[in-house]
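> Predicted model and sequence follow; I will ask about them next.
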Amino acid sequence: MFKIIISNAKKYIANDNKKWFDNDAREIIAWLGEYSDSKNSQTAYRVVVLRFYMWMRHNKLELKDISKKNIYDYIHFVRDPYAEWCGNRSKMTNQNWKPFYKPLSPKSIKYNMQIIKQMFIELHQSGYLDRNPFYFQIKLASQIKDLPQERYLTVDEFGLIDCYISSELPDNTYHEQEIKTRTRWIFKALIYTACRRSEIATATMSDIILKNGRFWLKIIGKGNKYGEIPVLPELERALNEYRAFYGLPPVDKRIHSEHHIPLIIKTFRNNEYLKMHNGHLWYIVKRICAKIANKLADEVLSDKLKSVTTHWLRHTSATIQVDSGIDIRVVQRNLRHSSIVTTMQYQHVAQDKQFDETALKFKI
């Protein structure tokens, strides 16, 4: 199918005396084949990478030639593509098909570049490309106007929150100890599971299950979709500390059903574990971040923390997973997205990474 489409698109490709169906096209086809289990994603990616391939060949470039400057050039191009490239959006195999219906919006450009970025990452990891032009941070915000704020925290910023909870929240009374223990668990649970607050609020302790010697959290998410999320050792330790406060045994020592015990316990009263409403979770996260923000001299970071919500922690979790080198398809399963395109929208790049990498390796 891709071969037929490229054949139809030859009129957009420069006549550079090279065979139109080249090694780059074959590698792109193979890359697209990795997503054959998700037809919607594969179809969406196909038009994105075909546009890029046609632009690349039109400019007599190959994948190995693409630099950071070329990426910026392409961003400018899709903001204002050639008139002859725009028009009828019929089926891609139709001879009247055009690469663009109209110039891409800022949101569409960001979406396109995330897919192209993932393609370059995987072609580099496979050994086909010697380098990845996205190795250095591509500053989309400076190239595309009206992009939304990047809603995520760096590892250090999340560490600041964790440190505040541990050292600043009072614990002189039982009530204060309960609040402090619960608050620490809420942030750990949200960051390590990337769950939505409604999912965490409705989960119970029995949703922690053991499979093949590993703990998983069962979740019913948006659209009533079932998913299982790895419970990492750090999260298991945090869970057991939380359970110990209420006199519950470690999760691997349970002998009774715990369907009646919420994963986030509001309080234990009259022999009953009361659950917390998801709106209360949102309030706790906002309140803690606002308290930290009010203590900071750094106005930029203070303003950022005042904007934090529970959903920021989902973005943060996804970003850290991707930046840690976890395969984007694994992150997709962890976030329980139907399409990997949605997962890609949660990717962010910390500028500190660029600085630290350069400082570590740039030696004279």
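Sure, I can see it. Numbering: from 1, shown residues only.
> Quickly find the element holding the closest residue to residue 207 other than its chain neighbours.
Spatially, and ignoring its direct neighbours in sequence, residue 207 is nearest to residue 218 (4.4 Å; C-beta to C-beta, 6 or more residues apart in numbering). Every C-beta, even on glycine, is put in place using the N, C-alpha and C of the backbone. With secondary structure defined by DSSP states H and E, residue 218 is part of strand 214-220.
> Now do the strands in the stretch 201-350 of the chain.
Using DSSP state E, counting those that start in this stretch, the strands of the stretch 201-350 of the chain run over residues 208-211, 214-220, 226-230, 265-269, 272-275.
> Run me through the strand neighbours of the second one, direction for each.
What that stands for is strand 214-220. strand 208-211 (antiparallel), strand 226-230 (antiparallel) (DSSP bridges).
> Would you mark the buried spots in that strand?
Across strand 214-220, burial judged by 16 or more other C-beta atoms under 10 Å covers 215, 216, 217, 219.
> can you check the first one too?
Within strand 208-211, the residues scored as buried using 16+ other C-beta under 10 Å are residue 208.
> Quick one: list the elements packing against the helix or strand containing residue 69.
Here residue 69, judged by DSSP H and E, is contained in helix 68-79. Contacts defined by 3 or more C-beta pairs under 8 Å, 6 or more residues apart in numbering; DSSP states H and E place helix 68-79 against helix 39-58, helix 106-125, helix 140-143.
> farthest residue from the center of the chain?
Distance from the C-alpha centroid of the chain peaks at residue 270, with 41.7 Å (C-alpha atoms, centre = their mean).
> where does that residue fall, phi/psi-wise?
Dihedral angles of residue 270 (phi, psi; degrees, to the nearest 10) stand at phi 50, psi 40.
> State the distance from residue 317 to residue 290.
Here the criterion is C-beta to C-beta, to the nearest Å. By it, residue 317 lies 21 Å from residue 290.
> Which one's more surrounded, these two?
A direct count of neighbours by other C-beta atoms under 10 Å for residue 317 and residue 290 places residue 317 higher, at 23 against 14.
> got the contact list for the nearest residue to the more buried one once chain neighbours are set aside?
Nearest-residue entry for residue 317: residue 194, 3.7 Å, with adjacent residues in sequence omitted and distances by C-beta to C-beta, 6+ apart. Applying C-beta atoms under 8 Å, 6 or more residues apart in numbering to residue 194 gives the contacts 229, 313, 314, 317, 318, 321, 334, 335.
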